[in-house]
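1. the amino acid sequence is not available; the structure is as follows:
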């Protein structure tokens, strides 16, 4: 009986560790976006899960020169002049192994939407690689977890 209790306690601890590790590898949470050309931190984006897909919205603009309520002036359609704060810029990413694929990213500066994929850095799970594509060309930014 005593050994069964110890075994049960050990298994519970083991599964708790697995659960914590699985949660750490998740991309949900708030990330600071860093411009890959200038190295300047531009904004905070909150990534969240809806159903089986992942989305991300702008929650804070860090540019001191930005207007108090910046708008997506270069966006088209329903997003034309939409407030950037609260704007969903990451859409419909699906987890495939260690990557999040088949989604899109909106660049509020130019109003364009790109196919994209996301993945956590292998050496630092507090860094998120964000890659946008145009045909066979791509651009990658590394965002940092807050």
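-> That came through fine. Because the structure is a prediction, the values reported are computed rather than measured.
2. just the strands in this structure please.
-> Ranges of strands in the chain, per DSSP state E, are 29-34, 41-50, 53-61, 88-96, 99-107, 112-120, 127-134, 137-145.
3. I'd like the average pLDDT over the second one.
-> For strand 41-50, mean pLDDT is 96.
4. that strand vs strand 112-120, what angle?
-> Here strand 41-50 runs at an angle of 80 degrees relative to strand 112-120 (axes from the mean of the first three to the mean of the last three Cα atoms, to 10 degrees).
5. hmm, back to that, how about the strands of the chain in TSV, adding mean neighbour count and distance to residue 75?
-> All C-beta atoms are positioned from the backbone trio N, CA, C, and that covers glycine. Formatted as TSV, the strands of the chain follow (neighbours: other Cβ atoms under 10 Å; distance: least, Cβ to Cβ, whole Å):
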stretch	mean neighbour count	distance to residue 75
strand 29-34	18	17
strand 41-50	17	16
strand 53-61	19	12
strand 88-96	18	10
strand 99-107	18	7
strand 112-120	18	9
strand 127-134	17	16
strand 137-145	14	19
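6. residue ranges in the chain under the pLDDT threshold?
-> Applying pLDDT under 70 to the chain flags residues 1-24.
7. please name the nearest non-neighbouring residue to the residue most central in space within it.
-> Closest to where the C-alpha atoms of the chain average out (Cα atoms, centre = their mean) is residue 47, at 4.6 Å. Among residues not flanking residue 47 along the chain, residue 56 sits closest, at 4.3 Å (Cβ to Cβ, 6 or more residues apart in numbering).
8. tell me how many other residues crowd residue 108.
-> Residues within reach of residue 108, counting by other Cβ atoms under 10 Å, total 21.
9. if anything else comes up later, I'll come back, but that's it for now.
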